[in-house]
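Engineer: I'd like to go over a predicted model; first the sequence, then the structure.
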Amino acid sequence: QVQLVESGGGLVQAGGSLRLSCAASGSIFRFNAMGWYRQAPGKERELVAAISRGGSTYGTDSVKGRFTISRDNAKNTLYLQLNSLKPEDTAMYYCVAGPGWQLYNAASYDYWGQGTQVTVSS
């Protein structure tokens, strides 16, 4: 049974920063694809950023230059550094992991965490 536990969310003013963490039960080396989705009320879920076992990354256009994804296989942890936050970044952020090779494809991810809330005030 794989468990992904997110932390690091909170309330921050526009322009501020947060660092999200996702701790996995067991080794994350088995997952080629890991990433972060977000969903705001009334909006569709979207893939924010993803990273492969080898370090290749994917990021949606709206966060490029502001968000950075990284993974520490030794610590079994995935991170998302959020800088220059905007009110439109407000959402529940979910950690995902899976064996897939297409980082941008939801089918690559078999496991989801419970989510951590990020709220950005203007």
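Structural biologist: Yep, it's here.
Engineer: ok, the most centrally placed residue in the chain to residue 90 distance?
Structural biologist: Ranked by distance to the mean C-alpha position of the chain (CA atoms, centre = their mean), the top residue is residue 36 at 2.2 Å. Noted for residue 36: a distance of 14 Å to residue 90, by CB to CB, to the nearest Å. C-betas here are computed from N, CA, C, even on glycine.
Engineer: same check on residue 4?
Structural biologist: From residue 4 over to residue 90 the distance is 21 Å, taken as CB to CB.
Engineer: looking at those two, which is more packed in?
Structural biologist: Remark: of residue 4 and residue 90, residue 4 carries more neighbours, 21 against 18, as counted by other CB atoms under 10 Å.
Engineer: if the more buried one is in a bridge, with which residues?
Structural biologist: For residue 4, the beta-bridge partners under DSSP bridges are residue 24.
Engineer: that one contacts residue 98, doesn't it?
Structural biologist: No. Assessed by CB atoms under 8 Å, residue 4 is found out of contact with residue 98, at 10.6 Å.
Engineer: any common contacting residues for the two?
Structural biologist: Counting by CB atoms under 8 Å, 6 or more residues apart in numbering, the shared contacts of residue 4 and residue 98 are residue 111.
Engineer: partner strands of the helix or strand residue 120 falls within and their direction?
Structural biologist: Element membership for residue 120 (DSSP states H and E) is strand 116-121. Here strand 116-121 has these sheet partners by DSSP bridges: strand 10-13 (parallel), strand 91-98 (antiparallel).
Engineer: buried set for stretch 83-95?
Structural biologist: Across stretch 83-95, burial judged by 16 or more other CB atoms under 10 Å covers 85, 89-95.
Engineer: what about residue 47, how many neighbours?
Structural biologist: For residue 47, using other CB under 10 Å, the count is 20.
Engineer: with residue 17 instead?
Structural biologist: For residue 17, the neighbour count with other CB under 10 Å is 11.
Engineer: go ahead and confirm it touches residue 89.
Structural biologist: No. Using CB under 8 Å, residue 17 is not in contact with residue 89; the gap is 11.0 Å.
Engineer: show me where this protein has its helices.
Structural biologist: Remark: no helices are assigned in the chain by DSSP state H.
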